[in-house]
Every structure is written in C-alpha cells, then in structure tokens.
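# Sequence plus predicted model, see below.
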Amino acid sequence: MKILVAVKQVATLDEDFEIRANGSDVEEDFLLYDLNEWDDFSLEEAMKIKESSDVEIEVVVVSIGPDRVDESLRKCLAKGADRAIRVWDDAIEGSDAIAIGRILAAVAQKEAPDMVFAGVQSSDQAYASTGISTAAYLDWPHAAVVADLQYKPGSGSAVIRRELEGGMLQEVEINCPAVLTIQLGINKPRYASLRGIKQAAAKPIEEVSLADVGLTGADVGADSSMSRVRRMYIPAKGRAQMIEGTIAEQAARLIQIINEFKGA
Amino acid sequence: MNNPREITRVLFENFQPQAIHLFYAIGYAAIAIFIYGVYVQIRKYRRGKPDGSWGELLHRFIDMVKTMATHRTLVRRDKSAGRAHGLIFLGFVLLFIGTSVITLEYDILQPLFGVQFWYGNFYLLFSLVLDLAGLGLIVGLIYMMYRRKWLNLPKLDYKRVDRQEGDPDFDRSQYRREDWAFLWSFILIGVTGFILEATRLVWLSGRPTVWDYRMWSPVGALLAHVMQAVGLTAEGAGSLRSGLWWFHGLISLTFIAFIPYTKIKHIFTAAASLMFKDPLAGKRLPRIPDEQKTAGYKTITDLTWKNLLHLDACTKCGRCQEACPANAVGAPLSPRDVILSLREFANHALSAKELPKEAELDIHGKDIGQVFMETLWSCRTCLACVEICPVAVEHVPIIVQMRRNLVEAGEMEPLLEKTLQTIHKTGNSFGESKRKRAAWTKELPFEIKDARTEPVDVLWFVGDYASFDPRNQKVTQSFARLLHKAGVNFGLLFESELNAGNDVRRVGEEGLYELLASSNIGTIQACEFNSIVTTDPHSFNTIRNEYPDFGGKFEIEHYTTMVKQLIEGGQIKLKKKLDYRVTFHDPCHLGRYNKGYDAPRDVLKLLGCELVEMGRNRDNSFCCGAGGGRIWIPDPVGTEKPSANRMKEAGVIEGLQVFVVSCPKDLTMFEDALKTSGFEGKFIVRELIELIDECIEYEVWEDIPLTV
C-alpha cells in the first residue's frame, strides 16, 4: 500500500524585492522558500491514513525542483514520510503546471501508488492545475478541492467531500487509484520540530533524472509547455487615499469625492 | 558528695530481661522497616536517568550544611515558620545525637570495650541540653499546629488549581491528614518524653544521685514537682513510668520506621536535594545529548535521579505557589502541584519491584497523576519558584523538559507553532525580513559600525523586540545615541543577528534553539570585539549562561551595568537631575536569573529619582507574564494578566510618576497593561534608557517630553 504526495517548494517575497532584468520573475535574492501551505495538509492526510491503518502503508513525497527543494522534503520526512523523491534536470526550467503534471504522472507510473495527493494549488503560482494534469496524464479518476476524505486502505473506492462555491459541499464516490487535490483545513497539520528535521537529514532523498522516469528534455521545459510567462510586473498603485482632518472635514471631503465621482 | 559514676541515665532499671529483649526486637524490626524503605526509595531514584551532578561533592556538602545550620532558605518570606522549623530541627538533631550517644555507650562501647562516659558532669550537661532541645521542639511544633489550624494560609491549602472540584485528586486531603499525623505523633513523642522524665524523678525521688541533680533537667523537674503537688507517690510514679516508657518507646520507634514512607523522609531528601542543587538551574537549561533520539520528558523514567530526588524533597510549604505569577492570575498552574503530581506518579510507578509497561509511565495526559498540557504551557519560566524553594527543588527545568516533549508532539497553541515556524524562516519572531533588522538605525544622525567588517570595542546584540517593535525602536535609538555620545566604539551584527533563542529554548523547541544559538555564536565569533552589551535581559541570559554550552564563551553585560560605569566614569555627563517619584520593576532575566538588582537602582539614584519599591521587588519581583514564550501565546480572555496584576501593585504607591523597566518586553507588556488596567494618566511606563536620555544634552536631538 502506497500513497504518493506531490509537494512543492514555494517562494514568498521578501520586502522591497526587485524584478529580474528580463522581467520574467522576481530576483532570486528576494525570495524566501518554504513548503507550500496546501502540501502540509495533503501530507498530513496521508500520514493520518498511514497511522490509523492496520496494513503497512508507505508515504512517499515527490517534488520537482533544484537542490534547495531538499530542505522542504526533509521537513516532510521529519513529519513522518517514509521516502522522498526529487526530480530535476535543467531542462525542466520554464515548465508550466501541465508539463510538471506530466513529470509527476511519470513518477506515479513508476511508483504505482494506490493514491496520489496534491495540494489544491501552490501559494506562489496558484494555477491549481498540477494535480489535475497529473491525473489527466495518468488517466486516473480525480477530484479537486477535497475537504473531507473517507478512505479505507486497499479498498477500491473512497468517499470524498469537495468544496464548492457558496459554502456547498459535494459528496463524491471515487474509484481508486485516484488523484485528489487537498484543500486547507481538512485536518490539522503536525508541527515538524527542528530536531525532527535535523534527524530526517539521515534519511536519503532519492534524486531522479528525467530518463529515470522515462522522459526526455523534449517532454518538459518552456517549449513543451502550453503557457509561458511573458513578464512579471508590479501594477500601478490604485487611487486609494487617506482622508485626514476632523470628522466633519473628513465627511465634507468624502461628499466632495462622491460628487466628483458622480460627475456632479 | 555522690560518686559521679552513679550520676547517670537510668535506662532499663526494674525491667525484666524478657522485656528488654522484646524492646530490642521491636527496635531491630523498626530499623529493618526503615532500611527496607530506604532501599525502595533508592531503587526508585536509580530508575531515573543519569545526572552529572556528582562533582565537587565536598563543596556541595559544606554548602548544604551551611544552609541547613543557618536555616537561611527557610526563614525567607516566612520568618515565623522558618524559626519554628529551626527549633524543631535543632531539637530533633540534639535529641537524635543524645539518643545515639546513649546507644553508642550502652550497646557498643561498654559491652565491647568497657568504655563508659555517660555519667557525672558530662551526663548532667547533656541532660540540660536535651531538656532545652525537647522544649524547643515542642514549642516549634505547637507553633506549626497553630499555624495550620488558625492562620488559614492559602499556601497551606492543597486544593489543586489544575483540577476541578469533584476530581479524585482535587483536594489532596490525604496530605493534610499526613501533616497532622506527623505533628501529633512528633509532639506526643516530645511530651511523653518529658512526662516520662518527670515520673522517673518522682519514682526515684529518694535516690540522691537522681533527685539532687533534677534541676539539670528543668522541664522534667518542674513537671515532677507538679506531680508531687497533686499527690503522686514514688510507687505510683514507678508504675506509671513503665506504661509510659513503652508508649514513648513504641511511638518513637514507629516514627523511625515510618521515615522513608512518609513526609518525614524530607529529613534526608531535602538535605540531599540541597546538596545536589544546581546554582544555574533554569538559567542554563540542559542540552539534549546528540545521540538521544527523543526530546524532553515523556515518561517518568525520563526524569533524572536528581529530578526524582527533588520531587521527594518538596515539603509542600507553598512558597513556590505564592510566588508564581501564573498561579496569581488563576492559570491552572501551581509549581508545587506539578512537583507533587510527578512525585505521586513516581511513587506509584517506580516503587514496585517490576517497572510497569511503558504506556503506564506516560506523565502527560488528563488522567490521575498526569500533568495537563495547559498546566505546562501556563509557566512563564520566571524562576520565582526555583528561586524561593527552601529545599532547592528545580521546577522550571522539569517543566521545560516536559514542554520539549509537547513540542515534538506538536501539542501547543497554534499561534505559538506559527511563531516558531516564523522564527525558523526569518530568524526573528516578528516575521520581518532579515534586511530590516537594523532599519531603526536609518533615523540616526550617525552611522553605526558593522562589527562583522571592522573591529569594535563593544558588540551590541540588539535582540528582536528592541530591533523590530516600533515603540522599543525609539529606546534602541536612544541607547545608540547614548553610546555614541559617550564615545563608545560599538557595532552591530546587522542582518546576521538572529533571535537569541532564550525564549525559544524555554518554550521547549530545542532544535530551533540549537540552530539559532549556533548561528549567532558563529557570527559573533567571526567578529573582533572585547565585550557584548545588550538592552534585552532575555538575550543577555542565554548568551551569558547558555551559549558557553555551545562553544560561545563571551564577555557580556546588560546595559544597566555599562551605563552605570559610563556615568560614574564621567563619559556620560548628566546635564540635569530628575525629581520623579519612580518605582522599578526587576525583569526576571536580569534580576532573579542574573542577580542584576543593583545597577538599575544605582542609575536611578544617579539620575536623582526617588525610588519607591513595590512590595514584590528584587528576588521576589513579579513576572510581567511574557517569559517562557508566553508573549507568543494569547492569555485567556476574561482572566487577569500578570502585567495588570503588577500595575495594581504599582498603583498603590502614592504620587508615583514613572514605572521604570529595563527590558524591551516589559515596556511592551506594561504599556499595554497600563491602558487596560485603568492607570493611564496616573503614571507612565518608561525604559530606564529614556530617563537617562532626558538628562543628556544632545546637539541634534529632539526631546520627547515626559508628560504625567
């Protein structure tokens, strides 16, 4: 029994950041990296199944990215994942969510898990499509924005609740193996203590190349992606302004603005 | 003149040989029960983990004897109880020595070597001393009974603050019964001893070697005269004596047999606890050995033998509970309850021949004898309990060790968890960018040196609150101006400085602490400087006391010490005197942790302020509530905060103008508490630096006027 959890190391912006000269992204120096928040929940969901199960369950985390991603994988290992896989090749640079899904699907084919979990989205790019494209390449059933999961390891199906708009939930029975994208709040992710992370350094992280999963450089990268980033920029400031003065002055100014807006 | 050989203690006179044999048999049985009890206790301690406190045994022993002889720790904050205990202690020790000397002569030296010394003047002097000792013992015990019965001291109420009425271990009434049984049996031994002595005198009133010397046992003689006055004859006294003799002998032997099984064992455990006292307890928390997989205390067998010994030393005096800021505001924590819970747990689990299963040794949880997680998280690690404990129980290290286990299991407030993650990610508890650590320097009219790139005399470790909190930044800027004005050659670590880790460690996140400490140590070691200064007592404590364990041995001062020297040395010239009526709040980490009580007070005097102390000052200072990571845990709504409690204490000082602090966290906590507890407009809260600042004339310096 095996659960594959796809995770991503996301970037957060430091204050006063600068954009790269070619406009493609933020200057690397101004990025702080951490595990994607959604992935804390999908890993926790896998760990919960593992810990409450009578049968042996292997939780494998997989991520696509350069060396720095090891730090985030180690955090997953500290939280109890059994193995970690990191796929990287310089050719992967520039891949969009669909191309990443292709790689993840290739890893899943090799690992043959009973379930694949991914976060609903990543907090930095927010495409919300990596998990679903993985399912598409695998041609597996999939469910997005899973807020509750009833799954007995080894059974042929699972009952899930999906979060819809307007506070609605949709209960779905899904055949396994399946790809689920997990929503925030489905559980309470555990804390990875620093000692745990340090001890996890002893667990190996398998470094996997494209060839190892049966892909070539031509399958990935900007050229094999369906979308490309043209430029990144900070939009011009809005027109918000603070109104100073006494309450009466503020009210007068507010009336003036409303009248101007109405064209009076 | 009587033959001095005949002036001696009457022992088994008129006893049948069988009776003497019976008495010896009972005596040996009592000793056997005592020894078995001691064995069980020692076996219990040996089930704890090792502890390296065996060094300097002689030195420790002398210290212990001094503490016990002077009763120094017992008279603190409870003079009468301490003195009464002194009488009981002295009485017991002298009577014990007296009885032992009789045994030494009668059972050992005389039968084996024919040596006899228990007669004549020696005997008489001893008799007098023992009579007075017995009197002291009884007086002491009577006071203790009076105290328990009529003083209604809250600290002698053993009802638990972490349990509800109706819980099986809520009222702890068995302790009260034990206390009374102890007092009554002890006083009965003393009283029957005197009556016995008196009946012997009446019985042998015809024998000059006894009767002529009766005044050498004045209490007995007085009673004998009373007995005679009410018509007791020599024969009557003789028969009364034999009954009393057995009664006195039997309760005394029972008392001895019971020592290891009851609170009487504190005779030994408190002494041993004092002997193995760690002078740095809580100030320097224990490291987790590199090879150890788990962190902190999960089971009772994770405690060291020294911890287990400390548990047994507790005499439930309640001084810790009285001093505890968490307890004062109704949090579910009494340091005494934690100690007693663990003691009961240890006695239950570790006294049997076989150790119970691992699962039954878990000290965390909601069951009887287990310690609640809410209790552990209530602790402010202010060290008030450790500091006041008369028998050197070290509560805080145990609490932190238990928290380490909670942290590993992720059982903590979500906000605290978030803060720890933030500190890991950004190196500071504010979640600010590293780059912004020294942003406060930008408003200064001069450049501050970068200690990483050029040698400085003084390396200033700023700390998180002083660096990032907007209110504290003003103080930090003032201190920079002050150093600049005084011509001190100083520098900062800029963005390389990380949270010092003092509070992270006290939360129990040891891995994160190790990361922070080793990073800071590496950064500091790469700089060229003579000494470190900081305005933050928390950073001060961990750098001073804990970094050495990680290879960082640095000279460090709190700013109050340094400023005092600068003023006294004339580098800082005070242009005016302040005439404020002020009170001073000792920060835990400067005061109790590092004994820095005097420097801030001396500076206040140099500034001309009139210092009025609050009731709780210096070693008894009352924590602001921010310690031990509690600044990152919200206090429950509807309960009083320790800082508000402190404001009330300051509020009763007539004409108080300024509540002076010397810690960034204190400034934050108390300025907030001032507003919420309704003292705003009555007095103000200021950092000592701000008062000094008022007295210095700067060339370019906009004055912040002090308004009351």
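Cool, got the structure.

# So which bits of the stretch 1-150 of chain A are right by chain B?
Within reach of chain B by Cβ under 8 Å from any Cβ of the partner chain, the stretch 1-150 of chain A has these residues: A:14, A:15, A:16, A:32, A:34. Heads up, the C-betas are built off the backbone N, CA and C, glycines and all.

# ok now the host helix or strand of the fourth one, how far from the chain's centre?
Right, the one you point to is residue A:32. Assigned by DSSP states H and E, residue A:32 falls within strand A:31-35. Strand A:31-35 has its C-alpha centroid displaced from the chain centroid by 12 Å (Cα atoms, centre = their mean, to the nearest Å).

# Following the chain onward from it, which element is next?
That would be, after strand A:31-35 and using DSSP H and E, helix A:37-52.

# all strands for the stretch 101-250 of chain A, in order.
Under the criterion DSSP state E, counting those that start in this stretch, strands of the stretch 101-250 of chain A are mapped to A:115-119, A:142-150, A:157-163, A:169-175, A:178-182, A:205-208.

# Can you tell me how far the residue in chain B positioned nearest to chain A is from residue B:49?
Nearest residue of chain B to chain A: residue B:511, at 2.8 Å (Cβ to the nearest Cβ). The gap separating residue B:511 from residue B:49 is 20 Å, by Cβ to Cβ, to the nearest Å.

# For chain A, which residue gets nearest to chain B?
For chain A, Cβ to the nearest Cβ, closest residue to chain B: residue A:194, 2.8 Å.

# from memory that residue sits against residue B:518, does it?
No - Residue A:194 is beyond contact range of residue B:518, at 11.5 Å (criterion: Cβ atoms under 8 Å).

# Among these two, which residue is more densely surrounded?
residue A:194 (24 against 16; other Cβ atoms under 10 Å in any protein chain shown).

# What values do phi and psi take at residue A:3?
Reported as degrees, to the nearest 10, the phi and psi values for residue A:3 are phi -120, psi 130.

# Measure how buried it is and give me the count.
So residue A:3, with other Cβ under 10 Å, has 27 neighbours.

# gap between it and residue B:689?
56 Å.

# So residue A:11 lies in a strand, does it not?
Yes - checked against DSSP: H, G, I helix; E, B strand; the rest coil, residue A:11 lies within a strand.

# Show me what it is bridged to.
residue A:33 (DSSP bridges).

# Find me the pLDDT at it, would you?
As predicted, residue A:11 sits at a pLDDT of 92.

# Now the strand holding residue A:32: buried residues?
Buried residues in strand A:31-35, counting neighbours by 16 or more other Cβ atoms under 10 Å in any protein chain shown, are found at A:31, A:33, A:34, A:35.

# Same check on stretch B:315-331?
Buried, per 16+ other Cβ under 10 Å, within stretch B:315-331: B:315-329, B:331.

# what about residue A:223, how many neighbours?
Residues near residue A:223, counting by other Cβ under 10 Å, number 13.

# go on, residue B:157?
13.

# Where do the helices of the stretch 51-200 of chain B begin and end?
B:57-70, B:72-75, B:79-103, B:110-113, B:120-150, B:173-203 (DSSP state H, counting those that start in this stretch).

# I should have written the stretch 51-200 of chain A there, sorry.
Here the stretch 51-200 of chain A has its helices, by DSSP H, counting those that start in this stretch, at A:69-78, A:97-111, A:130-138, A:194-200.

# Residues touching the third one, excluding its own?
Looking back up the chat, that one is helix A:130-138. A:6, A:8, A:97-98, A:100-102, A:104-106, A:108-109, A:116, A:118-120, A:122, A:141-142, A:144, A:178-181 (Cβ atoms under 8 Å, 6 or more residues apart in numbering or on different chains).

# can you do 7 Å?
The contact list for helix A:130-138 (Cβ atoms under 7 Å, 6 or more residues apart in numbering or on different chains) reads A:6, A:97-98, A:100-102, A:104-105, A:108-109, A:116, A:118, A:142, A:144, A:179, A:181.

# same question, stretch B:104-121
So stretch B:104-121 is contacted by B:4, B:5, B:7, B:8, B:9, B:11, B:102 (Cβ under 7 Å, 6+ apart).

# Which of those ranks first by neighbour count?
residue B:7 (21 neighbours).

# how about it, phi and psi?
According to degrees, to the nearest 10, residue B:7 has phi -90, psi 90.

# For the nearest residue to it once chain neighbours are set aside, the count of nearby residues, please.
Nearest non-adjacent residue to residue B:7, counting by Cβ to Cβ, 6 or more residues apart in numbering or on different chains: residue B:209, 5.1 Å away. Neighbour count of residue B:209, defined by other Cβ under 10 Å: 16.

# Please identify which helix or strand holds residue B:209.
Using DSSP H and E, residue B:209 falls in helix B:208-211.

# cool, residue B:19 as well?
Using DSSP H and E, residue B:19 falls in helix B:17-46.

# What residues sit buried inside that helix?
Those would be B:23, B:26, B:27, B:30, B:33, B:34, B:37, B:40, B:41, B:44, B:45, for helix B:17-46 by 16+ other Cβ under 10 Å.

# returning to that earlier point: out of the strands of the stretch 101-250 of chain A, indicate the one that is most buried.
Mean neighbour count (mean count of other Cβ atoms under 10 Å in any protein chain shown) peaks for strand A:115-119 among those, with a mean of 28.

# So which elements touch it?
Other helices and strands packing on strand A:115-119, by 3 or more Cβ pairs under 7 Å, 6 or more residues apart in numbering or on different chains; DSSP states H and E, are strand A:2-6, helix A:37-52, helix A:130-138, strand A:178-182.

# Name every strand pairing with it and say which way it goes.
Strand pairing (DSSP bridges) places strand A:115-119 next to strand A:2-6 (parallel), strand A:178-182 (parallel).

# what's the spacing between the last one and its chain's center?
I take that to be strand A:178-182. 12 Å.

# Within range of chain A, give me the residues from the stretch 451-600 of chain B.
B:509, B:510, B:511, B:512, B:515 (Cβ under 7 Å from any Cβ of the partner chain).

# any idea which of those residues has the most stuff around it?
In those, the most neighbours by other Cβ under 10 Å go to residue B:509, 31 neighbours.
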